[in-house]
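J.: give me a 3D structure for the following:
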Amino acid sequence: MANPWTGEVALVIDGKKRVLKLTLGALAELEQVLETKSLVALVERFEGGSFTTKDVISLIAAGLQGGGTDISAVDLGRADIKGGPMMAARVAAELLARAFMLPGEE
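T.: Model (predicted):
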């Protein structure tokens, strides 16, 4: 079960519920993969609706790693995500928001 108080988000991938979380290590790797100048720039892309599929897949892969599951971005691109691309984008945005949100903020 995902715990929103610790920044966790759940997503069903290939029929299995997975817990995603952005740890500091996952965030550092995410910066490198996306070659973004800052995480604030990534947040702004999601807030402005100008994020890419690569952003979504990279965020989910980083969140899976932080949650203890190692699924590559390539394998994730081939996976069946319950709710499809829209759910993946929603979960990626929620994951990013929870990484920088204090408990009780909504």
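
J.: can you count the residues close to residue 84?
T.: Residue 84 is flanked by 9 other residues according to other C-beta atoms under 10 Å. In this view, the C-beta of every residue, glycine as well, is placed from N, C-alpha and C.

J.: residue 56: how many residues sit nearby?
T.: Other residues within reach of residue 56, judged by other C-beta under 10 Å, total 20.

J.: wasn't it part of a helix?
T.: Yes - looking at residue 56 with DSSP: H, G, I helix; E, B strand; the rest coil, it is inside a helix.

J.: quick thing: my sequence starts at 510, can you match it?
T.: New numbering, starting at 510: the last item is residue 565.

J.: what sits against it?
T.: Residue 565 sits next to 594, 597-598, 601 when contact means C-beta atoms under 8 Å, 6 or more residues apart in numbering.

J.: can you say which of the residues you listed are buried?
T.: When the contacts of residue 565 are checked for burial by 16 or more other C-beta atoms under 10 Å, the buried set is 597-598, 601.

J.: in helices, which of the residues you listed fall?
T.: Among the buried ones among the contacts of residue 565, the residues falling in helices (DSSP state H) are 597-598, 601.
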